[in-house]
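Engineer: no letters, just coordinates:
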C-alpha cells in the first residue's frame with residue numbers, strides 16, 4: 001500500500017470532499033471511495049517520482065526528530081525553503097515526514113510530506129496530471145456503478161400502477177407488460193426499487209398476469225450500491241415476444257400525518273410524496289399511476305398536465321417514452337381516518353409439549369397509534385357522545401384472527417385480565433375482538449399478553465424420531481398490521497437435537513438458549529429468530545425439524561415415581577422407628593389396646609355373619625320343613641358363636657390392666673350379644689311352631705313382629721357400644 005500522508009494536501013482534501021459528496025448522494029459505494037483514494041496515493045507517488053525535476057532545499061533550526069519503522073520525523077523552527085529558481089519561502093514551524101522510497105508501493109517516490117502552517121499551491125502541471133489520473137478512475141467507477149450490467153434486452157410496453165394509500169400502508173400493484181427487444185431468449189426480468197425507499201419496503205412479490213396468477217420466484221440482488229429484484233418467469237421469452245407480470249409492493253412509513261398534532265374533534269390529514277413513474281431499469285413506452293385514497297376529501301395534490309382527481313382517486317398519466325430510473329415526485333394531501341396502528345415489539349413464545357399433545361402460544365404485544373398525535377386533553381364525555389358519522393382517527397377495538405384449533409384463550413395486561421374481549425369460533429379460524437381499556441389516539445401505546453393452546457396433531461408431524469413443526473411466523477393481529485420488530489421463541493422438549501429451520505423469507509437466527517420448567521434437568525432448547533419490518537403478507541408458515549427419542553418421555557414419570565417412593569419409604573421408616581430414649585408405658589398400653597380392639601372388631605364382624613347365616617337357615621326351614629337340617633345347622637352355628645365369644649372374652653381379659661373401661665364395655669357388649677342370639681333362637685322356635693301347626697298364622701306374625709323389634713333395639717345398642725370402643 002502507498003503512503004497516505006499526501007491526502008492532507010490541498011489536492012487530497014479537495015478529492016476527499018468530492019468523494020464525500022458523491023457518497024452522500026448515493027452515487028458511489030464505500031468500496032469505490034477507498035479504491036479512488038488508494039489510486040490517488042499511487043498516482044501522486046508516481047508523478048512526484050518521475051515528473052518533478054525541481055529540487056528544494058530546506059534550512060532551519062531543528063527542534064526535535066524521531067526515527068521509527070523506517071520513518072523520519074523532523075520538527076523545524078524558522079525554516080526557509082528555496083528552489084533552483086531562487087524562490088524563497090519562510091515558515092515559522094514545519095513538520096517533515098520522510099519515508100524510505102524502497103518500502104513504498106510507488107517505487108521511486110521521494111516519500112516526503114510537509115505539514116507547514118501555510119498551504120503550498122502548485123501552479124505548474126503537477127496538480128493537473130495527478131487529478132487527471134485520479135478522476136479518470138473515479139469517472140469510470142461512478143459510471144460502472146450507475147449503469148449496472150443487468151440484461152437490458154427488455155422494454156416496458158405498458159406499466160399501470162395502482163397506489164393504494166387508503167390505510168396507513170402503501171400498497172402498490174403494478175401490471176407490467178415487457179417485450180424482449182434483445183437478440184436471444186431469457187427467463188429473467190429485473191425490478192428496481194429506489195434507494196430512498198429501501199428501508200420502507202416491507203414486501204415484494206411478482207406473479208404471472210393471467211387466469212392462474214401463479215407466484216413467480218423473486219430473488220434480491222445487490223450490486224454496486226443498488227438493489228434489484230430478479231424475477232424468474234415461467235418460461236423463456238423469445239426475441240420479439242411479450243410477457244405480462246403483476247408486481248405487488250407494500251411499504252411502511254410513506255404516509256405522514258400533516259399536521260402532526262390534532263385535537264380530539266379534528267380530522268386526520270396525511271401527506272405522501274412518491275415517484276409518479278414506474279422505477280425501472282428498462283425504458284418504458286407508456287406508464288400511468290392511480291392513487292387510491294381513504295376519503296374523497298383531497299386537500300391538495302401535485303398537478304401535472306396529465307393529472308386528474310375524482311372522488312377517492314388521483315390519476316397521473318399516461319406518460320410516454322419514460323427513460324430508465326426516471327424519478328418525478330408528486331405529493332397527495334388528503335383525509336385518512338384508518339387505524340394507524342403499529343406493533344413496535346412482538347415477542348411470540350411457542351412451547352411444544354409431547355406429553356400433553358399441546359402447543360402453547362403466548363404473544364407479548366406492544367402497540368402504538370402512529371397517526372397524528374393528540375393535542376390537548378382527552379374528553380371521555382365527548383368521545384362517548386360523538387355521533388356515529390363523526391369518524392375520528394382513534395382505535396376503539398380491532399379483530400385478531402387465531403388458528404381454528406385455538407382454545408383456552410386469555411387476554412390480559414399488567415393490571416390483570418381484560419374482560420372487554422369477545423371470541424367467535426368459526427369453521428376455519430377463531431376471531432377475537434380485542435377492545436383495549438381505553439381508546440388509542442395518536443402517540444398512545446398499549447401493552448398486553450395474548451395466549452392460547454393448540455392441539456399438536458394439527459401442526460406437529462413425526463416419522464420415527466424425526467419431528468416437523470409447521471406453524472405461522474406471526475398471527476393476524478389486526479387488518480393491515482404493521483410490525484417493527486418480532487422475535488419468535490420456540491421451546492422444544494428436553495432432549496431435542498439436530499434443529500433445522502426453514503423460513504419463506506429472510507430472518508435473523510439468534511443464539512439458542514435453555515428454558516427450565518417442572519422436572520427439567522438439562523433444560524429445554526429455545527430456538528430464537530427475529531425479523532424487522534413485517535406486514536400482513538408475512539403471515540406464512542415456517543418449518544422446524546428436530547430429533548427427539550420418545551423414550552425420553554418416560555424420564556419425568558420415572559422421576560415422579562422415584563420421588564414418591566423415596567417419600568413413602570422415608571415416612572414409613574420415620575413412623576416405625578422409635579427415637580425416644582425412655583420407654584413410654586402409656587403409649588405401649590394404647591398400642592396394645594388398639595391392637596386388641598382391631599381383633600375384637602374382626603371377631604364381631606364374623607359373629608354378625610353367623611347371625612345372618614342362622615336367619616337364612618330359619619327362612620329355608622319354613623320352606624323345606626326339614627327340622628333335622630335346622631337343628632344341625634343351629635348346633636354348628638352355636639359352636640362357632642361360642643368360639644367367637646371365647647375369643648372376645650380372652651381379649652377383654654388381656655387388656656383389663658391397660659384399660660378397665662374398655663374391658664367393661666366389651667363385657668357389656670358380650671351380654672347384649674347373648675340377648676340378641678336368644679331372640680334369634682325364639683325366632684327359630686316360632687318357625688317350628690308355625691310349621692308344626694301349633695300356633696295360628698296370626699299369632700306367628702304378632703310374635704315375629706315383637707321379636708324383630710327387640711332384635712333391632714338390641715342391635716342398635718351393640719352398634720353404639722362398638723362405636724365407643
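Structural biologist: Received the coordinates, thanks. Since the model is a prediction, treat every value here as computed from it, not as a measurement. Numbers count the residues shown, from 1 in each chain.

Engineer: which is the next helix or strand following the top helix by length along the chain?
Structural biologist: Across the chain, the helix with the greatest residue count (assigned by DSSP state H) is helix 585-624. Proceeding C-terminally, helix 585-624 gives way to helix 627-654 as the next helix or strand, assigned by DSSP states H and E.

Engineer: the inter-axis angle of the helix or strand following that following helix versus helix 585-624?
Structural biologist: Secondary structure here is assigned by DSSP H and E; on that basis, the next helix or strand after helix 627-654 toward the C-terminus is helix 660-692. Here helix 660-692 runs at 0 degrees with respect to helix 585-624, directions being taken by axes from the mean of the first three to the mean of the last three CA atoms, to 10 degrees.

Engineer: who are the packing partners of helix 660-692?
Structural biologist: Other helices and strands packing on helix 660-692, by 3 or more CB pairs under 8 Å, 6 or more residues apart in numbering; DSSP states H and E, are helix 585-624, helix 627-654, helix 697-724. To be clear about C-beta, it is placed using only N, CA and C from the backbone, and glycine gets the same treatment.

Engineer: in the stretch 351-500 of the chain, where is pLDDT below threshold?
Structural biologist: By pLDDT under 70, the weakly predicted segments of the stretch 351-500 of the chain are 386-391.

Engineer: if we use 90, what do you get?
Structural biologist: Low-confidence regions of the stretch 351-500 of the chain, defined by pLDDT under 90, span residues 355-357, 375-397, 405, 413-423, 426-428, 435-439, 442, 495.

Engineer: how about the strands in it?
Structural biologist: With DSSP state E, counting those that start in this stretch as the definition, the stretch 351-500 of the chain shows strands at residue ranges 358-369, 373-374, 398-402, 407-412, 422-425, 430-434, 445-455, 460-463, 466-472, 482-491, 497-502.

Engineer: do you know which of these lies nearest residue 75?
Structural biologist: Nearest of the strands of the stretch 351-500 of the chain to residue 75, taken as CB to CB: strand 482-491 at 54.3 Å.

Engineer: and the closest one with strand 497-502, angle?
Structural biologist: 160 degrees.

Engineer: would you mind listing the outside residues contacting strand 482-491?
Structural biologist: Taking contacts as CB atoms under 8 Å, 6 or more residues apart in numbering, the residues outside strand 482-491 that touch it are 168-169, 202, 252, 341-352, 370, 469, 473-474, 510, 515, 524-535, 538, 542, 544.

Engineer: buried ones among those?
Structural biologist: When burial is judged by neighbour count using 16 or more other CB atoms under 10 Å, the buried members of the contacts of strand 482-491 are 168-169, 202, 252, 341-343, 346-352, 370, 469, 473-474, 524-527, 529, 531, 533-535, 538, 542, 544.

Engineer: ok, now how distant is residue 474 from residue 205?
Structural biologist: The spacing between residue 474 and residue 205, counted by CB to CB, to the nearest Å, is 17 Å.

Engineer: for this protein, just list every one of the helices.
Structural biologist: So, for the chain - with DSSP H - the helices run 10-24, 30-50, 126-146, 380-384, 555-576, 585-624, 627-654, 660-692, 697-724.

Engineer: run the chain-centre distance for the fourth one.
Structural biologist: Taking CA atoms, centre = their mean, to the nearest Å, one finds helix 380-384 lying 36 Å from the centre of the chain it belongs to.

Engineer: now that helix: buried residues?
Structural biologist: The neighbour-count check on helix 380-384 (16+ other CB under 10 Å) flags residue 383 as buried.

Engineer: what's in contact with that helix?
Structural biologist: With contacts defined as CB under 8 Å, 6+ apart, helix 380-384 is touched by 264-265, 394, 439.

Engineer: if you rank those by neighbours, which is first?
Structural biologist: Of all the contacts of helix 380-384, residue 394 has the most neighbours under the rule other CB atoms under 10 Å, reaching 21 neighbours.

Engineer: for residue 372, which non-adjacent residue is closest in space?
Structural biologist: Nearest in space to residue 372, with sequence neighbours left out and distances taken as CB to CB, 6 or more residues apart in numbering, is residue 257 at 3.6 Å.

Engineer: kindly provide the distance from that neighbour to residue 443.
Structural biologist: 10 Å.

Engineer: make a markdown table from the strands of the stretch 351-500 of the chain and add distance to residue 180 to it.
Structural biologist: A markdown table is the format used below for these (distance: least, CB to CB, whole Å):
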| stretch | distance to residue 180 |
| --- | --- |
| strand 358-369 | 47 |
| strand 373-374 | 51 |
| strand 398-402 | 43 |
| strand 407-412 | 54 |
| strand 422-425 | 52 |
| strand 430-434 | 48 |
| strand 445-455 | 49 |
| strand 460-463 | 44 |
| strand 466-472 | 39 |
| strand 482-491 | 38 |
| strand 497-502 | 34 |
